[in-house]
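Enquirer: have a look at this fold, sequence not included:
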């Protein structure tokens, strides 16, 4: 498969969300025009994005909602069960692990870690919090695919390095700062401070 | 001031974080090379970004950390106190309102709202939760600048419309789906489902 840009992957997520909405409304076909309109893009872009993955849809008939949804789920790897460890037994980790869409899309929390000895051994959203020092040893048994890193700013790179040593290939990070991962490990950062600063900028500089 | 791209604003946030790190380490000067290296961009891009806002820095001497940090804070509107209402008294809203960087950068929670009558009147992170139906009436007194929207997927557009009617000009949204705001209102969405799907895609399609 060709190298696919992040922006394409994001649009596939958006298309999928709309296809799920159509399914809920009992609709069975859609068009590139309709997909484009609900995804903030152009029909040509929709057709281009979907053409990466072979041909679906028939000229004049549009796309089968069920077929296209299944195909995008496959492309995004959502048929798979992804095993997730949460590093940082705080509110963000909890918000994520109890978020409905999380389980629904095949993400299962298999372990929760914290460096605070007061949290170790405590129950947290149905899991027992373990000392983060045990992550590498545990990983052999837990086989986690994804680490969610939800800790304060201090020592984040050290935790990233630990996650990498544990053999985990994908990280969703909520901590600020620039982090380094080796090739073959995917890091995505959700930076709430940056989003807030973007709003502050917009409020300050509006006409 | 010229129209500044979102990507520039995001880089300014990144530069600011690095300048704060330098301040904490007691360093007083930096260079476009150093800023670039710690921000994942090029020295030319750093100079271009900063040139939007007039000239700082002197050839061969670099930038004063304190001066540049203050200037970026001003540009981002971080000298200001921003009044924030949280819609949705759940874990995400709580994670955000108790997040250290939130208060530190001038964001103050002035009200918390929920549509669940069981939550109304209850204390939540030091605030009393109010019925979201009262938002428009309350806004005249509270004068919120920013609404954080942290509710499940259903009825999100209705809440966005309510926020807009309340006269709030900036929204940080955590709910999925495509939302519409009128011109003059800035909407930023943090889409955790999309980030997770991006990781799922990377894990599925790695070599």
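Expert: Great, that's in hand. Predicted model, so just to flag it, every value in this text is computed and none were measured.
Enquirer: going forward, measure contacts and count neighbours with C-alpha atoms only.
Expert: OK.
Enquirer: mind checking the longest strand of chain A?
Expert: strand A:107-114 (DSSP state E).
Enquirer: partner strands of the helix or strand following that strand and their direction?
Expert: With elements assigned by DSSP states H and E, the helix or strand that comes after strand A:107-114 is strand A:123-124. Using DSSP bridges, strand A:123-124 pairs in its sheet with strand A:127-131 (antiparallel).
Enquirer: which helix or strand contains the residue nearest the centre of chain A?
Expert: The structure's chain A has its C-alpha centroid closest to residue A:172; by Cα atoms, centre = their mean the separation is 7.1 Å. Following DSSP H and E, one finds residue A:172 within strand A:170-173.
Enquirer: now that strand, how far from the centre of its chain.
Expert: Offset of strand A:170-173 from its chain centre (Cα atoms, centre = their mean, to the nearest Å): 8 Å.
Enquirer: just stretch A:119-127 next, same as before
Expert: The answer for stretch A:119-127 is 24 Å, by Cα atoms, centre = their mean.
Enquirer: ok, stretch A:13-28 next?
Expert: Using Cα atoms, centre = their mean, the offset of stretch A:13-28 from its chain centre is 19 Å.
Enquirer: give the buried residues for that stretch.
Expert: Residues of stretch A:13-28 classed as buried: A:13, A:14, A:15, A:16, A:17, A:18, A:19, A:22 (neighbour count, 16 or more other Cα atoms under 10 Å in any protein chain shown).
Enquirer: name the residues of the lowest-mean-pLDDT helix or strand in chain A that are buried.
Expert: Each helix and strand of chain A was given a mean pLDDT (mean pLDDT, DSSP states H and E); the minimum falls on helix A:100-104 at a mean of 76. Buried residues in helix A:100-104, counted by 16+ other Cα under 10 Å: A:101, A:102.
Enquirer: anything in the lengthiest helix in chain A near chain B?
Expert: Counting residues, the longest helix found in chain A (DSSP state H) is helix A:6-24. Yes - counting by Cα under 8 Å from any Cα of the partner chain, chain B has neighbours in helix A:6-24: A:6, A:9, A:10, A:13, A:14, A:17, A:18.
Enquirer: surely the fourth one touches residue B:197?
Expert: Same thing as residue A:13. Yes - between residue A:13 and residue B:197 there is a contact at 7.0 Å, judged by Cα atoms under 8 Å.
Enquirer: got the domain ranges for chain A?
Expert: A:6-75, A:82-194 (automatic domain parsing).
Enquirer: deepest-packed of these, please.
Expert: Comparing the domains of chain A by mean neighbour count (mean count of other Cα atoms under 10 Å in any protein chain shown), domain A:82-194 ranks first with a mean of 18.
Enquirer: first-to-last residue distance for it?
Expert: One end of domain A:82-194 sits 28 Å from the other (Cα to Cα, to the nearest Å).
Enquirer: cool, stretch A:185-196 as well?
Expert: 28 Å.
Enquirer: now it, how far from the centre of its chain.
Expert: 11 Å.
Enquirer: and it, average pLDDT?
Expert: On average, the pLDDT along stretch A:185-196 is 88.
Enquirer: for residue A:113, what are its contacts?
Expert: Going by Cα atoms under 8 Å, 6 or more residues apart in numbering or on different chains, residue A:113 touches A:85, A:86, A:87, A:88, A:89, A:120, A:129, A:130, A:131, A:132, A:135.
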